[in-house]
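Participant: fold the following and give me the result.
(2 chains)
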Number of protein chains: 2
Amino acid sequence: MHRTHTCGELRIQDAGKTVTLSGWVQKSRDLGGMTFIDVRDRYGITQLTFDSDDDLSLRGRARELGREYVIKVTGTVIERSSKNNKIATGDIEIKVTELAILNSAKLPPFTIEDQTDGGEDIRMKYRYLDIRRNPIKENLLFRHKVSQEVRNYLSALDFCEVETPYLIKSTPEGARDFVVPSRMNAGQFYALPQSPQTFKQLLMVAGMDKYFQIVKCFRDEDLRADRQPEFTQIDCEMSFVEQEDVLRTFEGLTRHLLMSIHGINIEEFPRMTYQEAMRDYGNDKPDIRFGMKFGELNQASQHRDFSIFNTAELVVGIAVPGAAAYTRKQIDELIEWVKRPQVGASGMVYAKYNADGSFKSSVDKFYDNQDLQKWAEITGANPGDLILILSGPTAQTRSQLSALRMELGNRLGLRKPDEFAPLWVIDFPLLEWDEEAGRFHAMHHPFTSPKTEDIPLLETDPGSVRANAYDLVLNGNEIGGGSIRIHDRHTQSLMFEHLGFSETEAEEQFGFLMNAFQYGAPPHGGLAFGLDRLTAILGGQETIRDFIAFPKNNAGRDVMIDAPSPLSPEQLLELNINLEPTK
Amino acid sequence: MHRTHTCGELRIQDAGKTVTLSGWVQKSRDLGGMTFIDVRDRYGITQLTFDSDDDLSLRGRARELGREYVIKVTGTVIERSSKNNKIATGDIEIKVTELAILNSAKLPPFTIEDQTDGGEDIRMKYRYLDIRRNPIKENLLFRHKVSQEVRNYLSALDFCEVETPYLIKSTPEGARDFVVPSRMNAGQFYALPQSPQTFKQLLMVAGMDKYFQIVKCFRDEDLRADRQPEFTQIDCEMSFVEQEDVLRTFEGLTRHLLMSIHGINIEEFPRMTYQEAMRDYGNDKPDIRFGMKFGELNQASQHRDFSIFNTAELVVGIAVPGAAAYTRKQIDELIEWVKRPQVGASGMVYAKYNADGSFKSSVDKFYDNQDLQKWAEITGANPGDLILILSGPTAQTRSQLSALRMELGNRLGLRKPDEFAPLWVIDFPLLEWDEEAGRFHAMHHPFTSPKTEDIPLLETDPGSVRANAYDLVLNGNEIGGGSIRIHDRHTQSLMFEHLGFSETEAEEQFGFLMNAFQYGAPPHGGLAFGLDRLTAILGGQETIRDFIAFPKNNAGRDVMIDAPSPLSPEQLLELNINLEPTK
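Facilitator: Down below sits the predicted model:
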């Protein structure tokens, strides 16, 4: 071993000991006859001293060490004259008697400091240097802790982690698969799993009862910001359960994580139906760390001559706390903000509920004080607040106002990273109308069960059928989602029928699972967490890339290893693959 | 929840309770006015009783239940009149008052019993039924336990599990890669990792200090029996260590597994050099649960007129305990066995060391009693043992005799599944002569460090240079292997030179790792365990397939889901792939 202690380990009690440390040169400085070097490893930083009075040549060698050189030193632990209470080893330093250079280092392309001068691109290219920085290193250690807590919690509840295969079969449903040509089966391909969904259901048919897996999944999508082609799920499934059992189990897991990681106890997670979430927050993953709930103003605003509101399907507002004092310029900037193409509103009405109780709105021509008083009641505005109102088609208007609410939440510092507000959103619709295809498709997936009492509605009003489907939301992010599955052939056939599948199509695409269902499938359901996001949110951040050791960029490239890359002609030949365009 | 208890939970103390159980019908039988049904879940089996005296229609419905129907019953726990001490719930039964069929089941294609009538092919096709059988289910639960123990042990030692990417870059060295066409980067491909080797070394450069990962790896090889195209490794790496530190750490892990799983304590694992293992067992992964060590007989056999021995590079024998009484037929069968093409010996000499102290050999014409006495001494034969001798070129002969030794170990019941004999094989050669390519290649991989004292031999006798490379062997299987890596540019260049790489080739193939090494790489080394095999061996078995939930067959097919399979023309077009042969 090239050390007796780590660089984060020594304390004042160790004074007098002869120790050996190894690590990277963080920085060095000369002061009179002394050279000080900070040596760093994963565990911390320790100060080394080299004194000309003791050994001139040793100090000379120490002065030549560059940043990030890897060194091994032996010396005596002594008490520091000027202590550094910012680091755990700040009471001591090592008076070095032996120095060995284990490896030299070129000057890094960016500084290895908490706040670095390196941009995203260069940090990704030299990710192995980026990880030396505390914030990234701590994120990776944090991710490990979260994974360990998850595994130990679920194992204690008799969940069994089962590894499902990575080389599976491509299915045309859903997002695009990444595929893998088979050399031994010319012209045939494996697919990488988008999730182990079918395998976990098969494990329930197999009687495994409680399954989980922390597992990589793959989706060949055009990447939006902060999406990765490979991502990690905590995938879970249980047998003989109803929705309530699944919610309680994974609420327990999430509560355990919040407690074991942050010491925060949240007794019971609030629940909200999908309808309520859309009505009150315009969003199926509301951030409930702050208020600004939606107030629907149709009734209170469609009795005057203001045609924009009168012709709108929905008129809806929020009260921005303490914003009545906003200047005209500030309000105009907000109006411009909602009119940006990314949000897409055509305009915005405002009403100031001044601290003195008076009102001033952009629609004073149409509405009197009594009207505005009513709006204040409905949006929950208090004196000093600013009411912001959007109108138009329901879905779009809600989405626009939700974007504005989140933006204001950020600007006003209401989305506190050390505050955690989980909630369940339940009763998701079973079906979603696909305008383009002119048919319904499954909102979750075709194996999600409808609520028994809603099954008759499949014939009369399919869009209103509710599913036994639920999302776990944390701080405005969906961190998990799942459903109770269909486990009987009859309901499954009904479902396929309403999704527009012929019997042959259903058989072709889902044959092996349907076949398995015939041999005694138990009632079952489950949930999957997105580990990348869960970890980021629990870590008080929102960028998943900083919680992944070697992420890919938005073009799906790993710029560090330069992948993907061309294959040799020999490799392509062996795989029976030809890259020339088909004639 | 469709149950108050599992089917393995109820005991005599629960008598009188009203309970609800759910599970699969294992079997049913009628006895007079009673129907008995065994209901099964992952946790056990419980007996249900239906009495005509109580409810004729209920019993009638129970009689109609088929095997593997999924049922839910409510009833009272009562003490059994005739107890069954073979099962944990054998003291009680449930007097059923309510019965619901949760799902019906077609008759399974094989019986769901410990000893099934299903052959390998049908079991694989219906793997979800195969897993319902106790032996397979227990194997999967066992695998989970092993993984959990590994994770908790390593985490407690400050190892951090880091997920490395699955979509990486193809490298021409080593085995064939599985590749993944990139849709967004036409004509380019990712590769699936054969191991996270380069990434774990980069994590050491990144200062993560102690890394592990339980991770899927992929190798597109022509499959031999009991090899899988995707397999799981426990991948580990440490910084600032020497070989001794790595051996101690993972000896600790293995000792912990043997203790926590089997309650077996093995103080210190024996160590053997590669040379010793080859000399004494003809094998670099010897099973040391039994003796039959090789005795080299060149000196004791090349002084007579027996030209077969006299012209052989190696004459080597083993003593088979208690086999002097073998009949001529038995011995002939052994001779035929070593002459099979899979073993490839041209013949075998035997010498019986009879219980009365006399000798009888197949070469009595050439050797006298004194010679045979000498052979007995060298092979460690006692009266009653049979000495078997092969001769020929050293490597082949050792391999043949090793195969015979293992076969006899099996036949004589010396390879006891509940006995565990780990050992380290160390000092592997750095280089291996590649007859076909006419050059040396790296025995482990090109980043393995040579022993410092052997570096001068690189110039004079490269084949004799020893590496800091080691294997962990358990019961005749390599369960792990690793090395101390090269971490300085100078040694690495020397290594590439001796492997016949030009500077350009080295740069092209290993550029990003070489580049990383310039920024301060610490001394590091590690090891990877094969989890599939480790689990099987710890489970007292040797077939890894029974410890994998959804394995592939020898043609690399998943016969359950029927993968790989053809893609649609649209998918191929999107991926810029043409399957027509190049003109």
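Participant: any weak-confidence spans in the stretch 51-200 of chain A?
Facilitator: A:172-173 (pLDDT under 70).
Participant: how about the helices in it?
Facilitator: Using DSSP state H, counting those that start in this stretch, the helices of the stretch 51-200 of chain A run over residues A:56-63, A:120-125, A:127-130, A:134-156, A:197-205.
Participant: just put the ones you listed in a markdown table and tack on mean neighbour count.
Facilitator: Every C-beta, even on glycine, is put in place using the N, C-alpha and C of the backbone. Compiled in a markdown table, the helices of the stretch 51-200 of chain A are given as follows (neighbours: other Cβ atoms under 10 Å in any protein chain shown):
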| stretch | mean neighbour count |
| --- | --- |
| helix A:56-63 | 16 |
| helix A:120-125 | 16 |
| helix A:127-130 | 25 |
| helix A:134-156 | 19 |
| helix A:197-205 | 25 |
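Participant: could these be laid out in CSV, adding distance to chain B?
Facilitator: Listed next are the helices of the stretch 51-200 of chain A as CSV, based on distance: least, Cβ to the nearest Cβ, whole Å:
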stretch, distance to chain B
helix A:56-63, 16
helix A:120-125, 9
helix A:127-130, 4
helix A:134-156, 5
helix A:197-205, 5
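Participant: could I get those helices as a markdown table with distance to B:Ile455?
Facilitator: Shown next, in a markdown table, are the helices of the stretch 51-200 of chain A (distance: least, Cβ to Cβ, whole Å):
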| stretch | distance to B:Ile455 |
| --- | --- |
| helix A:56-63 | 25 |
| helix A:120-125 | 33 |
| helix A:127-130 | 27 |
| helix A:134-156 | 34 |
| helix A:197-205 | 50 |
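Participant: residues near the residue nearest to A:Lys137 when sequence neighbours are not counted, how many?
Facilitator: Spatially, and ignoring its direct neighbours in sequence, A:Lys137 is nearest to A:Ile131 (5.8 Å; Cβ to Cβ, 6 or more residues apart in numbering or on different chains). Using other Cβ atoms under 10 Å in any protein chain shown, A:Ile131 has 24 neighbouring residues.
Participant: low pLDDT regions in chain A?
Facilitator: For chain A, residues meeting the criterion pLDDT under 70 lie at A:172-173, A:225, A:581-583.
Participant: give me that answer again for 80
Facilitator: Residue ranges of chain A with pLDDT under 80: A:171-174, A:223-226, A:489, A:508-509, A:580-583.
Participant: the longest strand along it and chain B, any residue contact?
Facilitator: When chain A is parsed with DSSP state E, its longest strand is strand A:18-31. Yes - using Cβ under 8 Å from any Cβ of the partner chain, we find that strand A:18-31 touches chain B at A:Ser22, A:Trp24.
Participant: just how off-centre is that strand within its chain?
Facilitator: Mean-position distance between strand A:18-31 and its chain equals 38 Å (Cα atoms, centre = their mean, to the nearest Å).
Participant: which other helices and strands contact that strand?
Facilitator: Here strand A:18-31 is seen to pack against strand A:34-41, strand A:44-51, helix A:56-63, strand A:70-79, strand A:92-103 when contacts are counted using 3 or more Cβ pairs under 8 Å, 6 or more residues apart in numbering or on different chains; DSSP states H and E.
Participant: quick one: strands adjacent to it?
Facilitator: Note on strand A:18-31: by DSSP bridges, its sheet partners are strand A:34-41 (antiparallel), strand A:70-79 (antiparallel).
Participant: and the angle for that strand with helix A:56-63?
Facilitator: Here strand A:18-31 points in a direction 70 degrees away from that of helix A:56-63 (axes from the mean of the first three to the mean of the last three Cα atoms, to 10 degrees).
Participant: show me what counts as buried in strand A:18-31.
Facilitator: Neighbour-count burial for strand A:18-31 flags A:Val19, A:Thr20, A:Leu21, A:Ser22, A:Gly23, A:Trp24, A:Val25, A:Gln26, A:Ser28 (criterion: 16 or more other Cβ atoms under 10 Å in any protein chain shown).
Participant: and these, which is closest to A:Leu192?
Facilitator: If you rank the buried residues of strand A:18-31 by distance to A:Leu192 using Cβ to Cβ, A:Trp24 comes first, at 36.9 Å.
Participant: so who does that closest one touch?
Facilitator: By Cβ atoms under 8 Å, 6 or more residues apart in numbering or on different chains, the contact list for A:Trp24 reads A:39-41, A:68-71, A:105, A:112, A:132, B:207, B:520, B:522.
Participant: mind redoing it with 7 Å?
Facilitator: The contact partners of A:Trp24, taken as Cβ atoms under 7 Å, 6 or more residues apart in numbering or on different chains, are A:Val39, A:Arg40, A:Glu68, A:Val70, B:Gly207, B:Gly520.
Participant: ok, what's across the strand from the second one?
Facilitator: With DSSP bridges applied, A:Arg40 shows beta-bridge pairing to A:Trp24, A:Ile45.
Participant: I figured it hits A:Gly23, correct?
Facilitator: Yes - between A:Arg40 and A:Gly23 there is a contact under Cβ atoms under 7 Å: 5.2 Å.
Participant: any residues in contact with both of these two?
Facilitator: Common contact partners of A:Arg40 and A:Gly23 (Cβ under 7 Å, 6+ apart): A:Cys7.
Participant: and A:Ile486, what does it touch?
Facilitator: Taking Cβ under 7 Å, 6+ apart, we find A:Ile486 in contact with A:Phe447, A:Ser449, A:Gln492, A:Met495.
Participant: what's in contact with stretch A:84-104?
Facilitator: Contact partners of stretch A:84-104, identified using Cβ under 7 Å, 6+ apart, comprise A:2, A:8, A:10-12, A:14-15, A:19, A:21-22, A:44-50, A:58, A:61-62, A:69-80, A:83, B:487-488, B:520-523.
Participant: A:Glu570 belongs to a strand?
Facilitator: No - A:Glu570: not assigned to a strand; according to DSSP: H, G, I helix; E, B strand; the rest coil it is helix.
Participant: thinking again about what came up before, most neighbours, which of the contacts of A:Ile486?
Facilitator: Greatest neighbour count in these, by other Cβ under 10 Å, goes to A:Ser449: 24 neighbours.
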